[in-house]
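Colleague: for reference, the sequence and a predicted model appear below.
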Amino acid sequence: MSNSQIPLNLLTVTEMEIQRLYSDSALTAVSLVQSILTLIEKHNEAGLGLRALLSVVPHADILERARRLDEELSQGKSHGPLHGIHFTVQDSIATHPNLGIDTTAGSVALVGSRPRKNATVVDRTPGGSSSGSADDVSAGFAIVSLGAETVGSMVAPASRASLYALKPTVGTIPIDGVVPIAKSLDSVGGMARSPEDLALVTEVITNYSALQPAGYLIGMTGKWDGIRLGFLDESLWKLPDFLCEFNSEALGQMDEGYHAAMGVLRGHGVHIQYPVIIPRAEDVWPSLVKIMQEHEFHPSINEYLQDLEHSKVHSLEELVEYNREHADLELPPEFPSQSSLENSLNDNITTAENQRTLTEHNLDAIAVLTDSPLSSLASAAGYPTCTMPLGVLGLNGRPFGMSFVAKAHQEARLFRIMSAWHSTFQRYAPSALDEDAILSSLA
């Protein structure tokens, strides 16, 4: 296939497909990066104005890195499954200043701050080159992405971008170099278009002691044999109005898709228990808020700020004061309060309040729509949770998905479920970018 022209759809191509193209000399890292950068220039700030990326590594640096990766491949050298794979990282995951991009966690106070080094999860993903989130992968701006989650902040956007995502068991992924919220709740995870890509990313970033020797792919058969699932009563697991307001049409379509999915799974021989009863999210949420705001955030953010090589602020107290002095930038009219930060200055709770666990069930996982507070319960227990695409709202074309939670260190079980899901349910790629994302690339 050398020197032949191939169509490459950046909205659907997977990491594993790209590696096969590299192996066949049908694609180069340079041509892939050039195609992605072209799409970013067309639709990040201009065109559709997606604004999915805050910053991008200077193009010359990216292309030089891609050229070196191509040269290594030609010599039979590979960094592993992510060799030559363009990825993005959330703005709360530190990148070294030599990459030419800030790590700000959305705060003006951290613009220009300099971490001493990359976050460990960045160092474990060679060949990557920018900063972003779930929309980047869905829009073709990246092949995979890394995000950080405390309570739902990764699986929720991944669901709305028609992606597969996993928040692993708390403590199994290194979080040094990640702007913290609460270390007993925080984790870093991947977002991808296929469960296989997600498994490869997760294997790369997982602490070696927590990784199964055989890896995750070996159990991803695409079959439902022997899987037992519990489904929650969706009417009791709606997002509160202060987080998200749905109209009746959207809610009705999601509920219909939820029950239709159960029917499809029963047709594949899956044992379905419905409804299962577990502690309600509203019973857990107050404790999570206290853990995040009144106990862990204060020392955690101080530790991160004090470790920076350069920063305008070095403690939560200084951050609060900076925001007051720069209210025109940090506290706009639509969000005039920093009460969550100020409340975090009060340390009056013990970590014992985080010792919540899910009710024991003889099930592989518990499921409900991702547009639900299930992630609160999973976070309280430190359990792994994932999302997978289910459908698209007729109202506005916005994707929605299904979340599953398993017991601690049962990521392999979730990957097996994701693999079977992928073979059963269709993933819908965004259509607005179709024409621009289908590019011809030369090896």
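Modeller: Yep, it's here. Given the structure is predicted, the values throughout are model-derived calculations rather than measurements.
Colleague: how many other residues sit next to residue 148?
Modeller: 26 (other CB atoms under 10 Å). C-beta coordinates here come from the backbone N, C-alpha and C atoms, glycine included.
Colleague: could you do residue 240 as well?
Modeller: 11.
Colleague: what pLDDT does the model give residue 166?
Modeller: If you check residue 166, the pLDDT there is 96.
Colleague: secondary structure element for it, which one?
Modeller: Element membership for residue 166 (DSSP states H and E) is strand 164-167.
Colleague: so what are the sheet partners of that strand and their directions?
Modeller: Strand pairing for strand 164-167, determined by DSSP bridges: strand 187-192 (antiparallel), strand 385-392 (antiparallel).
Colleague: now it, how far from the centre of its chain.
Modeller: 6 Å (CA atoms, centre = their mean, to the nearest Å).
Colleague: if we can go back for a sec, tell me the most buried of the strands paired with strand 164-167?
Modeller: Ranked by mean neighbour count, the strands paired with strand 164-167 are led by strand 187-192 with a mean of 28 (mean count of other CB atoms under 10 Å).
Colleague: which other residues reach that strand?
Modeller: 14-15, 93, 119, 121, 133-134, 137, 143-149, 154, 158, 161, 163-175, 178, 197-198, 201-202, 205 (CB atoms under 8 Å, 6 or more residues apart in numbering).
Colleague: returning to what we had before: could I get the strands paired with strand 164-167 as TSV with distance to residue 59 and mean pLDDT?
Modeller: Formatted as TSV, those follow (distance: least, CB to CB, whole Å; pLDDT from 0 to 100):
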stretch	distance to residue 59	mean pLDDT
strand 187-192	24	90
strand 385-392	32	96
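Colleague: identify whichever of those lies nearest to residue 60.
Modeller: Each of the strands paired with strand 164-167 has some distance to residue 60 by CB to CB; the shortest is strand 187-192, at 27.3 Å.
Colleague: same for the next helix or strand after that closest one, what does it pack against?
Modeller: Later in the chain than strand 187-192, the nearest helix or strand by DSSP H and E is helix 195-205. Under the contact definition 3 or more CB pairs under 8 Å, 6 or more residues apart in numbering; DSSP states H and E, helix 195-205 sits against helix 15-23, strand 144-149, strand 164-167, strand 187-192, helix 411-424.
Colleague: quick one: helix 195-205 to chain centroid distance?
Modeller: 12 Å.
Colleague: pull that helix out as CSV, backbone CA atoms only.
Modeller: What follows is helix 195-205, C-alpha atoms only, in CSV (Å, rounded to 0.1, in the frame of the first residue of the first chain):
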residue,chain,number,x,y,z
PRO,A,195,-13.5,0.3,23.9
GLU,A,196,-10.3,-1.2,22.5
ASP,A,197,-8.6,2.2,22.2
LEU,A,198,-9.8,3.1,25.7
ALA,A,199,-8.3,-0.2,27.1
LEU,A,200,-4.9,0.5,25.5
VAL,A,201,-4.8,4.1,26.9
THR,A,202,-5.9,2.8,30.4
GLU,A,203,-3.2,0.1,30.3
VAL,A,204,-0.5,2.8,29.5
ILE,A,205,-1.5,5.2,32.4
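Colleague: offset the numbering so it begins at 30, please.
Modeller: I'll keep to 30 as the first residue from here, and by that count the last item is helix 224-234.
Colleague: run through who's touching it.
Modeller: Residues contacting helix 224-234 (CB under 8 Å, 6+ apart): 43-45, 109-111, 116, 149-150, 153-154, 172-173, 175, 193-195, 197, 202-203, 217-221, 240, 244-246, 249, 417, 440, 444, 447-448, 450-451.
Colleague: worst mean pLDDT among the helices and strands packed on helix 224-234?
Modeller: strand 173-178 (a mean of 86).
Colleague: with just CA atoms, put that one into CSV.
Modeller: Below are the C-alpha coordinates for strand 173-178, written out as CSV (Å, rounded to 0.1, in the frame of the first residue of the first chain):
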residue,chain,number,x,y,z
VAL,A,173,-7.8,9.8,22.2
SER,A,174,-7.9,12.1,25.2
LEU,A,175,-7.1,12.2,28.9
GLY,A,176,-9.4,13.8,31.4
ALA,A,177,-9.6,14.1,35.2
GLU,A,178,-12.7,13.4,37.2
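Colleague: after that strand, next one along is what?
Modeller: helix 184-188.
Colleague: still on that earlier bit, pull out the buried members of the contacts of helix 224-234.
Modeller: 43-45, 110-111, 116, 149-150, 153-154, 172-173, 175, 193-195, 197, 202-203, 217-221, 240, 244-246, 249, 417, 440, 444, 447-448, 450-451 (16 or more other CB atoms under 10 Å).
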